[in-house]
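J.: fold the stuff below for me.
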Amino acid sequence: MVASYDLTLRVEYGRPFLGFRLMVKNHIRYQLNNKHYYLMQGQLNFVSAPIVESELLLVKDERYKVFDLHIELGLIQRIKHKDQSWSDFLANVRENQTVAFLDGPGFGSIQVMDLMEELLKNPGNESLVLQLVERVIEARTMKREYRPITETQIESLFRVKDMIRKQIAGKQHLRDWAREAGMNITYFKEYFKLVFGITPYHYLMYERIREAKKMIRHYPELTLSEIAEACGFSNYNNLRRAFYSMEKITLSRWQRLSDIAGIMLVL
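T.: A predicted model of the protein is given here:
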C-alpha cells in the first residue's frame, strides 16, 4: 500500500554536503538529488553530495524530528577505521556526484543517539563530532541479523527503551518488556538488537552504569555502595563487575582517570 502525503517540503543547499541524517522521531520518505530514501525511526543515511536538492514527503498532523550533521572533509578524513567500506567511501567522495556510505539507510545504535544528544547540548564540540562519526561507522558496519520490521514495531521498541531508561533503579523483567512491545520474548530480543545494536539486558546495564558515572562525578559525598543501590545494583560488587564487563576498565581506575580529567578541565 502506498502512503499518501499532504505536503512536500523542498530544501535546497547550494554547497557540497558531507554528513548524515538521523531519524530521531517518526519515519520519513524523501528524495535527495533524484534518489529516493525511506528512513525509519532510528535509521541514518551517510552521504556526500555536490549540492542538496531534497524533497521531504510529510503527513498532516504528524511530528517529525530529524538530526542532520554536516561535517567538514578535513575533519572526517582524520577518522581511520579498519572496515574497508569506510576507506572506499572516502576514496569515492567527489564534488560532482552523490555517494552513499554503504547501500542506503541503516540503523544506528544507543551510543549514536546518546552522543547526538550530547552534541545538541554542546554544538561545535569537535571531539564529540569525531566520537559520533566513529560510532556511526561502527553501527553501520556492525553485523546484525536482519529481520523485516514495521514502523509500528519500531515505535513499540522505542517506547520500551524509554521505559527501561526511566526505571533503571527498579526491578525489570524481559517478559514485561516483550509484553509492552506486543511481541514474544524471542522476537523482542532480536528486534531490539536490530534497532539499537545491543540486547535489552545489556541496554539496562548500559543505562545503570551511565547513571553511576554521573552520580560519582556529581555526588562525591555518596559511597559507592549507595550509588550502586540507587542505580539498581544489589551491592557494590555487582556494580564493579558490571562496570568492568561493559567498560573494559576497573571502576577504581576509571575514577582516577575521571578525577585527572576534571582537574585538567578546571586548570
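J.: now the strands for the protein?
T.: Along the chain, counting by DSSP state E, strands occupy 7-13, 17-25, 28-32, 35-39, 43-49, 52-58, 65-70, 99-100, 106-107.
J.: residue 155 is nearest to which of these?
T.: Residue 155 lies closest, by Cβ to Cβ, to one member of the strands of the chain: strand 17-25, at 9.5 Å. Where C-beta positions appear, they are placed from N, C-alpha and C, glycine not excepted.
J.: mind saving the C-alpha coords of the closest one as PDB?
T.: Coordinates of each C-alpha in strand 17-25 appear next as PDB, following Å, rounded to 0.1, in the frame of the first residue of the first chain:
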ATOM      1  CA  PHE A  17      27.300  18.300   1.800                       C
ATOM      2  CA  LEU A  18      29.200  15.600   3.600                       C
ATOM      3  CA  GLY A  19      27.500  14.000   6.600                       C
ATOM      4  CA  PHE A  20      24.500  12.100   7.700                       C
ATOM      5  CA  ARG A  21      20.800  12.300   8.500                       C
ATOM      6  CA  LEU A  22      19.400  10.500  11.600                       C
ATOM      7  CA  MET A  23      15.700  10.000  12.000                       C
ATOM      8  CA  VAL A  24      15.000  10.700  15.700                       C
ATOM      9  CA  LYS A  25      11.200  10.600  15.800                       C
END
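J.: next, the buried residues of it.
T.: 17, 18, 19, 20, 21, 22, 23, 24 (16 or more other Cβ atoms under 10 Å).
J.: list just the nearest of these to residue 80.
T.: Comparing the buried residues of strand 17-25 against residue 80 with Cβ to Cβ places residue 18 closest, at 16.7 Å.
J.: residue 74 is in contact with that closest one, correct?
T.: No - using Cβ atoms under 8 Å, residue 18 makes no contact with residue 74, being 10.3 Å away.
J.: tell me the buried residues in stretch 190-206?
T.: 190-198, 200, 202-206.
J.: can I get it in CSV? Just the C-alpha atoms.
T.: The C-alpha trace of stretch 190-206 is given here as CSV (Å, rounded to 0.1, in the frame of the first residue of the first chain):
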residue,chain,number,x,y,z
GLU,A,190,16.1,-10.0,18.1
TYR,A,191,14.2,-6.8,17.1
PHE,A,192,15.7,-4.8,20.0
LYS,A,193,19.3,-5.7,19.0
LEU,A,194,18.5,-5.0,15.3
VAL,A,195,17.3,-1.4,16.1
PHE,A,196,19.6,-0.4,18.9
GLY,A,197,22.7,-2.6,18.4
ILE,A,198,22.5,-4.0,21.9
THR,A,199,20.4,-6.6,23.8
PRO,A,200,17.7,-5.4,26.2
TYR,A,201,19.6,-6.7,29.2
HIS,A,202,22.9,-5.0,28.1
TYR,A,203,20.9,-1.8,27.5
LEU,A,204,19.7,-1.9,31.1
MET,A,205,23.3,-2.4,32.3
TYR,A,206,24.4,0.4,30.0
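J.: what's in contact with stretch 25-43?
T.: For stretch 25-43, contacts defined as Cβ atoms under 8 Å, 6 or more residues apart in numbering pick out 3, 5, 21-24, 45, 47, 49, 51-58, 62-66, 98, 104-108, 113, 149, 151, 154-155, 158, 195-196.
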